[in-house]
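In: Next one to model:
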Amino acid sequence: MWFNKSTGTEEYELVNQEPIVNDLEGQTSGHNFAPTSSSKSSSESLSSDIFEDIDEYTQRQQDTDDFNLDSKFQTALQKYKDTGSANKKICALVSGVVAAIWVIALIVYSQGAALSIVSDLKWKTNITVSGNNVTLNHYDPANNNLTLDLYRKGTFFPFKEHVEWLNIKQKPTHETQDGFYLTRGMKGSFDVKLVNRVSSRTIIDSIQFSYKNNFFIIDELKLNPAKSIDEAENFHIVVSDTLSQWRHLSFAIYWIYNTETTEYIPIQPPKTQETQNEVSPLEHEKLKKLHFAEFSPKGDFIVFGFNHNLYLQNIKSLEITEITKNGSPHIFNGKPDWVYEEEVTGDQKLFWWSPNQENLVYVSLDDSEVNEYDLDYYIKDSDEIGDTYNESKDEIVDNVKQYPTKKSIKYPKPGTPIPKVSIHNFKLASKESSKLTIKELSSKSDFLFYDGIWVDDKNFLMKHTDRTSKVLTKKLYQPEKSNDIKEVNSINATKEYNGWVEKASPMTIIPTDNGENSYIDKIVINRRTHLALFEKAASKEPSKILTDSKDWEIISDSPVVYDKTENIVYCLSTMRSSMESHLIAVNLITENNIHIITDINKDGFYEISFDQDGQYLNLNYNGPNNPWQKLINMADIHNILESRGNKGKEDSVTDLLDKTKPINHVELIKDALKRTNIPTRLYKTVSIDKFPDKSLVDLNVIEIFPPNFDPNRRKYPLLVHVYGGPGSQTVDKRFSVDFQDVVSAKLDAVVLIIDPRGTTQDWKSRSFVSGKLGYWEPRDITTVVSEYIKVNEKFINKDRTAIWGWSYGGFTTLKTLEYDHGETFKFGMAVAPVTNWLFYDSVYTERYMGLPSENKNYDKTSRIKEFKHFDSVKRFLIMHGTSDDNVHLQNLMWLLDKFNLNNLENYDVHFFPDNDHSIYYHNSNTIVYDKLLHWLFDAFSGKFDNFV
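Out: Sure thing, here's the model as predicted:
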């Protein structure tokens, strides 16, 4: 029944946004969309911009095409002037006849073709689509259209300078001001610079160094957090030979770098009895790769991880203390396992120093009962695989592996055992660890450890949830009182706002004079994410709600940075629209406490990185126009905000930001855009349904038109790109020239990018997907696209329509093809798709679906089920990496078996040996996108129409 598209509750309505178009100069042409009452209309003139473009083009043509300016013509003309009058008269007569013929021809021609020339002069920059005026990017037939080769060169990838702020202890001792940051030089050197100064100080000049007749290349430098870079005797951490394990985890060789002696000392675990008995000097000197190495707060110790154990090393004496000893393939100390790294922490470590360095809290994960998933590697050598356990020797014959290398990972799936969590505290003074006791916790209760932070020296605050991430509990450990962990408060996200708990940015500490600090956390108010101030670590309720708008929210993964001098916090908000990210400042004391930093009267997607004290800002404007990166002294902004009167404050801040010089090379993209015909991106919001309160359900859409698009010239093929995962965002106003644009330019196609309900925006929209992944995504996408084709049938070829996605987008693609059964979409491409949520990890899946034993939708909506419906699709393509640790190959094998049982043959399959979820190994990323583009060309050119 739910495969019937003609449901009575669904309706479609276009809600028009004024198009925001990036011209080839990286400037905004067109009016800006203002979706909220706080937004203002743009003062720019669309007509003026258009005519300026035409005038510029005309002048350029006059300069290049005027025959009278040609040097050869001027030479001939001078000779003509020097001849006799008879020749002049003859020439004058001939010229008169030619002029008369030209005038007559012009009169005739002007009735028709001349109008076409004038139209072509504009290069179709102003057209009408669906009754709306659309301004296209400038098109020049002398330029090349965007291609996959141009895209791969990285020409259109925004270049960003590396900026890592120094704290107040690290800055040069002779300097009174802050604003110092670590960056990379032209040849990779590690340099320290100061905001608004050209000069720099080099910490490490050459990124190559030698150790015992071997050469190493520096990947990363970690400055000592407690010493000035000026100090003669200083120690830093250097990282080399990094090998990725999973998405965030890696192995690498870590070194202590002595600035006084320029010596590099490898950080290594203590020698075991086995290594002490080794005879071969080569084996003895083989350096071990570690999980991580981090400084203590005072910079005199390093904590590092090896083989799932934690170690403490004195930076001067090099003495090593074992913090844990029970690390094994099943026990992870201070380090996440696969599912924690992917779904819970998003970090490579699970330990936290107290500010005074007296206590080190760490988490241990016991995966003994967690089931394993085996990965086969047919090509990779063992040392190419990120795993220190289960090391195996490859059987090599004639440079060929006779047997695959097998690796297993602990991977819990829905309804199966998950990691057991224990929390410990290591006291530096006694060098001993103790296990902490969690009060009010049943011995059989499974829980997830989402976050932890030292609010002050006496209070370690944690966030735990049940295994399904529905109930969030804050818990507190106070080492001076006991080893007990006590509950502070609890909230049921499902009951409160039909939501769930996800990994988010850390809580923000607000220092106080009494030593018992306050903190700011993100909470849900009015079904939107907002900021709240908690007076102390043990506070059950917030002492002050800092933001509470019903129209916008704080971006869930936004940093929240405190400026003690101004008593202000900075964060990113959706104040202009859910497709954007704007910087605001929230005053902790005043009533009218919100200051707008980036101009919400203009489209913008910003990214922020403050120094430790909130005094200096690395501000990245990521679009929709040409991206830039600027370093801002926040004191300059506060001088404006504190000036008398409110009028013009935001304008003055905008002027300041505009006048600040970018530190990145903005001209690189600007020049590349001038030389290339780029498709046009338009941003729209469509209303597709109504909430129970009759308010509209809005979806965000990007519409891409190919270069020199003309709706009156021909019918264009249509590609739809989707992801659709809960809480994700694919449609935003970042500057982007990506694969979708390549398809549009190369295949002369229209492209839509759609975020279905359940993705970003507020919890009112997100909660639609709770308990039924795969239900709303295909319905929303099919409804939007079918209506788009109907409204634009004049220029859309309804027989050349395709949909594609990767990962969750692959699942969405297959579910849409299943639901639509060939009526709207004729072709599809799915890369690394989930096909049945019973095969994916427990934390992600149960967060939205709950337990399989309690939710029938695992079978009803959240897997590919109606296999016969794929028979109505003309053809589709599926690709997968054989060693995908994230979305296992099992997903595709299960699906192919179902296709066999249902006699389906209208699809193509491509496997990428030894590739993980990103598909990069051995040139595979080149092949996967070539395959997508070429396969789509075949589909749009009719090759599959009568394919047997």
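
In: Just to check, residue 507 is in contact with residue 453?
Out: Yes: Residue 507 lies in contact with residue 453 (C-beta atoms under 8 Å); the separation is 5.2 Å. All C-beta atoms are positioned from the backbone trio N, CA, C, and that covers glycine.

In: Give the residues shared as contacts by those two.
Out: Residues touching both residue 507 and residue 453 (C-beta atoms under 8 Å, 6 or more residues apart in numbering): 461, 519.

In: From what I see, residue 681 and residue 624 are in contact.
Out: Yes: if you go by C-beta under 8 Å, residue 681 and residue 624 touch, sitting 7.2 Å apart.

In: Tell me how many other residues crowd the closest residue to residue 195 other than its chain neighbours.
Out: In space, residue 195 comes closest to residue 179 once its chain neighbours are excluded; the distance is 3.9 Å by C-beta to C-beta, 6 or more residues apart in numbering. By other C-beta atoms under 10 Å, 21 other residues sit near residue 179.

In: helix, strand or coil for residue 932?
Out: helix (DSSP: H, G, I helix; E, B strand; the rest coil).

In: How much space separates it from residue 662?
Out: 34 Å (C-beta to C-beta, to the nearest Å).

In: So between those two, which is more surrounded?
Out: residue 932 (21 against 17).

In: Run through the residues that contact the more buried one.
Out: Contacts of residue 932 by C-beta under 8 Å, 6+ apart are 739, 804, 829, 831, 877.

In: Same check on residue 346?
Out: Residue 346 touches 248, 503, counting by C-beta under 8 Å, 6+ apart.

In: circling back to that earlier point, which pair in the contacts of residue 932 spans the largest distance?
Out: The most widely separated members of the contacts of residue 932 are 739 and 877, with 14.5 Å between them, by C-beta to C-beta.

In: Which one's more surrounded, those two?
Out: residue 877 (22 against 18).

In: Tally up the residues packed near the nearest residue to residue 922 once chain neighbours are set aside, please.
Out: Among residues not flanking residue 922 along the chain, residue 379 sits closest, at 6.9 Å (C-beta to C-beta, 6+ apart). Residues near residue 379, counting by other C-beta under 10 Å, number 16.

In: The chain should start at 21 in everything you say after this.
Out: New numbering, starting at 21: the last item is residue 399.

In: Just say helix, strand or coil for residue 399.
Out: coil.

In: so how far is residue 258 from it?
Out: The value you get for residue 399 to residue 258, if C-beta to C-beta is used, is 31 Å.

In: repeat for residue 937
Out: 30 Å.

In: From start to finish, how long is stretch 931-946 in a straight line?
Out: Taking C-alpha to C-alpha, to the nearest Å, stretch 931-946 runs 14 Å from one end to the other.

In: quick one: average pLDDT of it?
Out: The pLDDT scores in stretch 931-946 average 95.

In: Just the buried positions in that stretch, please.
Out: 932, 933, 934, 935, 936, 937, 938, 939, 941, 944 (16 or more other C-beta atoms under 10 Å).

In: Torsion angles phi and psi at the last one?
Out: Dihedral pair for residue 944: phi -70, psi -30, per degrees, to the nearest 10.

In: Hmm, it is touching residue 901, no?
Out: Yes: using C-beta under 8 Å, residue 944 is in contact with residue 901, at 7.4 Å.

In: any weak-confidence spans in the stretch 271-420 of the chain?
Out: 293-305, 407-414 (pLDDT under 70).

In: repeat that with 90
Out: 271, 291-306, 365-368, 400-420 (pLDDT under 90).

In: Where do the strands of it begin and end?
Out: 283-286, 312-315, 321-326, 329-334, 340-342, 351-353, 371-373, 379-386, 392-397, 416-417, 420-421 (DSSP state E, counting those that start in this stretch).

In: From the contact counts, what lies against the helix or strand just after the last one?
Out: Right, strand 420-421. Following strand 420-421 in sequence order, the next helix or strand is strand 425-430 (DSSP states H and E). Under the contact criterion of 3 or more C-beta pairs under 8 Å, 6 or more residues apart in numbering; DSSP states H and E, strand 425-430 touches helix 358-359, strand 392-397.

In: Which of these sits closest to residue 677?
Out: Comparing the helices and strands packed on strand 425-430 by C-beta to C-beta, helix 358-359 comes nearest, at 41.7 Å.

In: Give me the helices and strands touching that closest one, please.
Out: Going by 3+ C-beta pairs under 8 Å, 6+ apart, helix 358-359 lies up against strand 425-430.

In: buried sites along the strand it packs on?
Out: 425, 427, 429, 430.

In: Report the buried residues of the helix or strand just after that strand.
Out: Going down the chain from strand 425-430, the next helix or strand is strand 440-447, by DSSP H and E. Neighbour counts over strand 440-447 (16+ other C-beta under 10 Å) mark 441, 442, 443, 444, 445, 446 as buried.

In: Next, the spatially closest residue to residue 580 that is not a sequence neighbour: phi, psi?
Out: Nearest residue to residue 580 in three dimensions, chain neighbours excluded: residue 528, at 4.4 Å (C-beta to C-beta, 6+ apart). Residue 528 adopts backbone torsions of phi -110, psi 130, taken as degrees, to the nearest 10.

In: Settle this for me: residue 528 is touching residue 539, isn't it.
Out: Yes: using C-beta under 8 Å, residue 528 is in contact with residue 539, at 6.3 Å.
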